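Visitor: Quick one, structure for this:
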Amino acid sequence: MCGITGFFSKSISNFDDAINKMSSAIHHRGPDSSGVWINKNSGVFFGHQRLSILDLSETGHQPMISRSGRYVITYNGEIYNHLGLRNEIEAFTIDIKWRGSSDTETLLEAIDIWGLETTLKKISGMFAFGLWDQKQKCLILVRDRVGQKPLYFGWQGRGEKQVFLFGSELKALKAHPEFNSSINKDAIALYLRHNCIPAPYSIYNEIYKLLPGHFLKLEQNDLNNKSTPISKAYWSLIDNAIDGNENILQNEENDIKEELEKKLLFSVKQHMISDVPLGSFLSGGIDSSLITALMQSQSTNPVQTFTIGFKENNYSEAQHAKKIANYLGTNHTELYVSSKMALDVIPKISEVYDEPFADSSQIPTYLISQLASKNVKVALTGDAGDELFCGYNRYVMSKKFSNLFNFTPIALRKILKSGLLSLSVNNWDIIQKILMPFSKLNNFGNKVHKGARTLEAKTMLELYHILSSNWSNPSEIMQNFKEPENNLNFYISKIKKLDNQQQMMVLDLITFLSDDILVKVDRAAMSYSLETRTPFLDNDLIDYAWKVPQSLKLKNGSGKWILKQILNKYVPNELMNRPKMGFESPIDKWLRGPLKEWADNLLNSNNLRKEGYINHKIIRKKWDEHLSGKKNWQYNLWNILMFEAWLHEN
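Guide: Below you'll find the predicted structure:
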């Protein structure tokens, strides 16, 4: 795993040292070595920070030039099938002599032989790279299919000094002397709704994220006009899902389960290829437990596993993770997070994420990355199991939602919504304890309030929009902005062939997974020079998952049913039979306690008024309600606090 950066400019007079500064800004992504490649005649500057995982020798050094001399690459990622591709290349080009064993060299030679688009269809992995074609005189940027690796780009500067920048993180772009850090107010509206800024937008004007599964080309004559290059899709998750749904497996249930297990084992095996120590994040949930179990089944030594827990038991699965680790025989390390640890982490978050980001599980993700990095350089995760195999509660409830919408008048639903919201989250929690003393359902009050907000939805899109919105109406708390058109409108029109559950799953993969989950893990882990890998996102596994009948994903009211059946082969059911918790933090309690002073300072009415972004009256009202315990506004307030913390830092 690495950090990449570079720029394309027709003026090179003042930029001799710029590429070094840009590369140094992302040193944490690749502290093992660094390199630059400059072609002043063409105005191309590439930088690279290397985290050595495969081929630790100098033969893996980047930027790298192809054997023919046509292509130069600065590359971040892992191509898991690169050894198989080498065999193909050797059969195609008998006299090839490899310089080393890196997947970078494999990727370069594949592009040289087969061309870019054919190569992209062949490779399986996570990646983002910049490629200079010395023959065609064009810069090419590419991002992997699902967006596991980040890539920012955009024009900056004016006149002779205009420059096209790109990089793994905004830090790299900001290090260029022509970078203009003017804030995109419209992107703030997206952030308030989604807790992150979804691609293709960024927090800065004229700076964008390359969409997953896309590439773009910029030729030398494009330097004469500053128009944003149009990206092109080489793979579509929506098309993949529709194709899978039209080719649902007709095999026996047991045959499908066995085939899925084989594909999972193979994916995990490929993701374990490494020349450095590796381990796994073990939360104690279905997905991470399954990935860890499959790792251990293919390892002669105990797998190193890592878990973060909270002293507030309602938020912690650490005790369950420890039991699973003991059963599997892993080398387990755990850390229980105190509020003081959280307070120490919070000032670093704005630097880690570069732009406003408010998934509250960013704190445990940061801490588990810190913990794991002391022992390994690679960690496997269970991310994407929920989105591919129907794991979230909203998928399970989607049919009940449909029945409610179809048979209950909107006026009656509005009355029901008001009644449910009239009681605070804390009061609903008290009711649960009285009426359901043995219930294992976590965060009951929050779930009631979240369900209540969906009652006014009239369509599938409205329902998903409510479920995926933190602030359901950013215009209430912002002024002088226009929320960019939501890509959901485009996506929803293309997935009407899928049922409600499948539509939600696709939308989550395209938006929530790519823009939130994968961002959260990548930035936290790479801040400690730790590579994370996601076996569920193997190309072949994604293809197969969409062909698995929905009845095997959601069965008897249980999501991820088929994954649970496979896991039962490795871990006893009694260790896994409990409600889904997620990887959350006790933000609500911390804000009323140890984080109160920090939050109160950031939410100061005078500061909010002077900054001119946020309606201070609404925020102070919600802050007072939260402190009193009348309402639980933890997620809304955390969203504002992370924006304010980022604003103060930047």
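Visitor: how far does stretch 281-292 sit from the chain's center?
Guide: Distance of stretch 281-292 from its chain centroid, counting by C-alpha atoms, centre = their mean, to the nearest Å, is 17 Å.
Visitor: residue closest to the middle of this structure?
Guide: Nearest residue to the geometric centre of the chain (C-alpha atoms, centre = their mean): L518, 1.5 Å.
Visitor: Correct me if wrong: that one contacts R145.
Guide: No. Between L518 and R145 there is no contact under C-beta atoms under 8 Å: 11.7 Å. C-beta coordinates here come from the backbone N, C-alpha and C atoms, glycine included.
Visitor: Low-confidence stretches in the stretch 251-400 of the chain?
Guide: Low-confidence segments of the stretch 251-400 of the chain, defined by pLDDT under 70: 312-316, 399.
Visitor: how about the strands of it, start to end?
Guide: Ranges of strands within the stretch 251-400 of the chain are 278-281, 304-310, 331-337, 378-380, based on DSSP state E, counting those that start in this stretch.
Visitor: Of all those strands, which one is nearest K621?
Guide: strand 304-310 (28.6 Å; C-beta to C-beta).
Visitor: so what does the closest one touch, helix or strand wise?
Guide: strand 278-281, helix 318-328, strand 331-337, helix 362-373 (3 or more C-beta pairs under 8 Å, 6 or more residues apart in numbering; DSSP states H and E).
Visitor: and the nearest residue to K630 once chain neighbours are set aside, what does it touch?
Guide: Take K630 and drop its neighbours on the chain: the residue closest to it by C-beta to C-beta, 6 or more residues apart in numbering is S424, 5.6 Å away. Residues in contact with S424 (C-beta atoms under 8 Å, 6 or more residues apart in numbering) are G445, G629, K630, K631, N632.
Visitor: Next one, pLDDT for S424 please.
Guide: Note for S424: predicted pLDDT of 78.
Visitor: For it, give me phi and psi.
Guide: phi -70, psi 160 (degrees, to the nearest 10).
Visitor: how much space is there between it and S288?
Guide: 33 Å (C-beta to C-beta, to the nearest Å).
Visitor: Kindly report the same for I562.
Guide: Taken as C-beta to C-beta, the span from I562 to S288 is 17 Å.
Visitor: Over to W132?
Guide: Counting by C-beta to C-beta - W132 and S288 are separated by 39 Å.
Visitor: do L151 as well
Guide: Where S288 is concerned, L151 sits at a distance of 27 Å (C-beta to C-beta).
Visitor: If you count surrounding residues, which of these two has more?
Guide: L151 (28 against 24; other C-beta atoms under 10 Å).
Visitor: Verify the contact between that one and R143 for me.
Guide: Yes. Counting by C-beta under 8 Å, L151 touches R143, with 4.9 Å between them.
Visitor: what sits in contact with each of those two?
Guide: Common neighbours of L151 and R143 (C-beta under 8 Å, 6+ apart) are A128, L210.
Visitor: coming back round to it: now the helices and strands packed on strand 304-310 as JSON lines including mean neighbour count?
Guide: Converted to JSON lines, these look like this (neighbours: other C-beta atoms under 10 Å):
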{"stretch": "strand 278-281", "mean neighbour count": "27"}
{"stretch": "helix 318-328", "mean neighbour count": "19"}
{"stretch": "strand 331-337", "mean neighbour count": "17"}
{"stretch": "helix 362-373", "mean neighbour count": "24"}
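Visitor: got these as TSV, with distance to V36 columns?
Guide: Listed next are these as TSV, based on distance: least, C-beta to C-beta, whole Å:
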stretch	distance to V36
strand 278-281	29
helix 318-328	43
strand 331-337	37
helix 362-373	26
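Visitor: Tell me which of these sits nearest to Q432.
Guide: helix 318-328 (20.9 Å).
Visitor: Name the residues that touch stretch 209-219?
Guide: 8, 116, 120, 128, 136-147, 150-153, 164, 199-202, 229-237, 510, 514.
Visitor: which residue sits closest to F45, ignoring its sequence neighbours?
Guide: I19 is the one closest to F45 (C-beta to C-beta, 6+ apart), at 4.2 Å.
Visitor: Report the separation between that neighbour and I96.
Guide: Noted for I19: a distance of 31 Å to I96, by C-beta to C-beta.
Visitor: Please identify which of those two sits among more neighbours.
Guide: I19 (23 against 13).
Visitor: Now do that one, the pLDDT please.
Guide: As summarised for this prediction, I19 has a pLDDT of 95.
Visitor: now could you export just the CA positions of the helix or strand encompassing it as PDB?
Guide: Using DSSP states H and E, I19 sits within helix 18-24. Output in PDB follows, covering the C-alpha atoms of helix 18-24 (Å, rounded to 0.1, in the frame of the first residue of the first chain):
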ATOM      1  CA  ALA A  18       6.600  21.100  -5.400                       C
ATOM      2  CA  ILE A  19       6.400  17.400  -6.100                       C
ATOM      3  CA  ASN A  20       8.700  16.600  -3.200                       C
ATOM      4  CA  LYS A  21       6.500  18.600  -0.800                       C
ATOM      5  CA  MET A  22       3.400  16.900  -2.100                       C
ATOM      6  CA  SER A  23       4.900  13.500  -1.700                       C
ATOM      7  CA  SER A  24       6.200  14.300   1.800                       C
END
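Visitor: can you tell me which of the helices and strands packed on strand 304-310 comes nearest to D222?
Guide: helix 362-373 (36.8 Å).
Visitor: what's the offset of that closest one from the middle of its chain?
Guide: 15 Å.
Visitor: do stretch 384-392 as well
Guide: Its chain's C-alpha centre and that of stretch 384-392 lie 14 Å apart, by C-alpha atoms, centre = their mean.
Visitor: got the contact list for it?
Guide: With C-beta under 8 Å, 6+ apart, stretch 384-392 has contacts from 146, 286-287, 290, 396, 501, 504-505, 508-509, 512-513, 517, 534, 536-537, 541-542, 545-546, 548, 550, 553-554, 559-560, 562-563, 580.
Visitor: Which of the contacts of stretch 209-219 fall within helices?
Guide: Among these, the members found in helices (DSSP state H) are L116, L120, L237.
Visitor: So the chain: which segments form each domain?
Guide: Domain ranges of the chain: 2-235, 238-335+347-389+501-576, 393-483+585-649, per automatic domain parsing.
Visitor: sorry, back to before: tell me the most packed of the ones in helices among the contacts of stretch 209-219, by neighbour count.
Guide: L237 (23 neighbours).
Visitor: Tell me who's in contact with that residue.
Guide: R145, V146, P212, G213, V506, L509, I510, I542.
Visitor: What are the contacting residues of the helix or strand in which the last one is found?
Guide: Think I542. Taking DSSP H and E as the definition, I542 sits inside helix 539-545. Under the contact criterion C-beta under 8 Å, 6+ apart, helix 539-545 has outside partners 124, 145-146, 237, 240, 244, 259-260, 263-264, 266-267, 388-389, 535.
Visitor: okay but the residue nearest to F45 is in contact with G47, surely?
Guide: Yes. Using C-beta under 8 Å, I19 is in contact with G47, at 4.8 Å.
Visitor: Find residues that contact each of those two.
Guide: T5, G6, V36.
Visitor: can I assume the first one is in contact with T74?
Guide: Yes. Proximity of T5 to T74 meets the contact threshold set by C-beta under 8 Å, at 7.4 Å.
Visitor: how deep is the nearest residue to L513 once chain neighbours are set aside tucked in, by neighbour count?
Guide: Spatially, and ignoring its direct neighbours in sequence, L513 is nearest to E387 (5.3 Å; C-beta to C-beta, 6+ apart). Residues near E387, counting by other C-beta under 10 Å, number 25.
Visitor: Please give the centre-to-centre distance between the longest helix belonging to the chain and its chain.
Guide: When the chain is parsed with DSSP H, its longest helix is helix 253-271. Taking C-alpha atoms, centre = their mean, one finds helix 253-271 lying 24 Å from the centre of the chain it belongs to.
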